[in-house]
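Build me a model from this:
(one chain, ligands or ions: 1)
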Amino acid sequence: MKVILTYGTFDLFHVGHVRLLERLASLGDKLIVGLSSDEFNKSKGKSSFFSYEERAEILAACKYVDLVIPEREWEQKESDINKYNVDIFAMGDDWKGHFDSLSSLCQVVYLPRTKSISTSEIKTLIADLKKNDLNKVQKSLNDAIEIIKKLNYSE
Ligand code: CTP
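Numbering: from 1, shown residues only. A predicted model of the protein is given here:
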């Protein structure tokens, strides 16, 4: 049984996350994700759109993920590696070199990131949507609601 361990926030779950998890799962038999808790994110000056519980539920529903555990502090990696008998510690290559010291405990690998997508980019894009665009979306939603109401009444 080959165990792989990775960490991250995995907010606004996107295709870059899926592709990373797929490649991580293919390295062995059991993939464990250490998911950054809301408190840990706060201590890093980050905040996620989805709560820890929501992000954990989404990750657990992903077929590549076998177990989700909370990441509460930087220092827990060594004890997690020992506790879960981890064979491979793996991260996206935006973390290249950061965790090389763990190689005394298990194999450490960095996988290439999927290009042109990230949670921060999605957040920026959404924030940049002009009010006009939001109004158009709102109008379309209202139209759709009216249509659904009419369909329900006519049934
Ligand atoms: N990841 C990836 N390819 C992407 C985005 C993320 O392989 N395009 C990987 C990261 O390298 C990391 C894991 O997914 O190992 C979780 O990354 P996370 O920081 O939660 O996602 P990002 O989209 O990078 O979020 P942010 O922009 O907030 O850093």
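
Could you point out the bridge partners of whichever residue of the chain sits closest to the ligand in the sheet?
Residue nearest to the ligand within the chain: Gly92 (1.7 Å; CB to the nearest ligand atom). C-betas here are computed from N, CA, C, even on glycine. Counting by DSSP bridges, Gly92 forms beta bridges with Leu111.

what do you get for Val33?
Using DSSP bridges, the beta-bridge partners of Val33 come out as Thr6, Val68.

which residues does it contact?
Val33 makes contact with 5-8, 10, 21, 59, 65, 67-69 under the criterion CB atoms under 8 Å, 6 or more residues apart in numbering.

Now list the buried members of those residues.
Among these, those scoring as buried are 5-8, 10, 21, 59, 65, 68-69 (criterion: 16 or more other CB atoms under 10 Å).

so which of those residues are also by the ligand?
8, 10 (CB under 6 Å from any ligand atom).

so which of the buried ones among the contacts of Val33 comes closest to Leu35?
Of all the buried ones among the contacts of Val33, Leu35 sits closest to Val68, with 5.3 Å by CB to CB.

Go ahead and confirm the closest one touches Leu35.
Yes - look at Val68 against Leu35 with CB atoms under 8 Å: they come within range, at 5.3 Å.

quick one on the thing from earlier: next, format the buried ones among the contacts of Val33 as JSON lines and append distance to Leu151 and pLDDT.
Below are the buried ones among the contacts of Val33 laid out as JSON lines (distance: CB to CB, whole Å; pLDDT from 0 to 100):
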{"residue": "Leu5", "distance to Leu151": "50", "pLDDT": "98"}
{"residue": "Thr6", "distance to Leu151": "46", "pLDDT": "98"}
{"residue": "Tyr7", "distance to Leu151": "47", "pLDDT": "98"}
{"residue": "Gly8", "distance to Leu151": "42", "pLDDT": "97"}
{"residue": "Phe10", "distance to Leu151": "37", "pLDDT": "98"}
{"residue": "Leu21", "distance to Leu151": "39", "pLDDT": "98"}
{"residue": "Leu59", "distance to Leu151": "36", "pLDDT": "98"}
{"residue": "Val65", "distance to Leu151": "39", "pLDDT": "98"}
{"residue": "Val68", "distance to Leu151": "40", "pLDDT": "98"}
{"residue": "Ile69", "distance to Leu151": "46", "pLDDT": "98"}
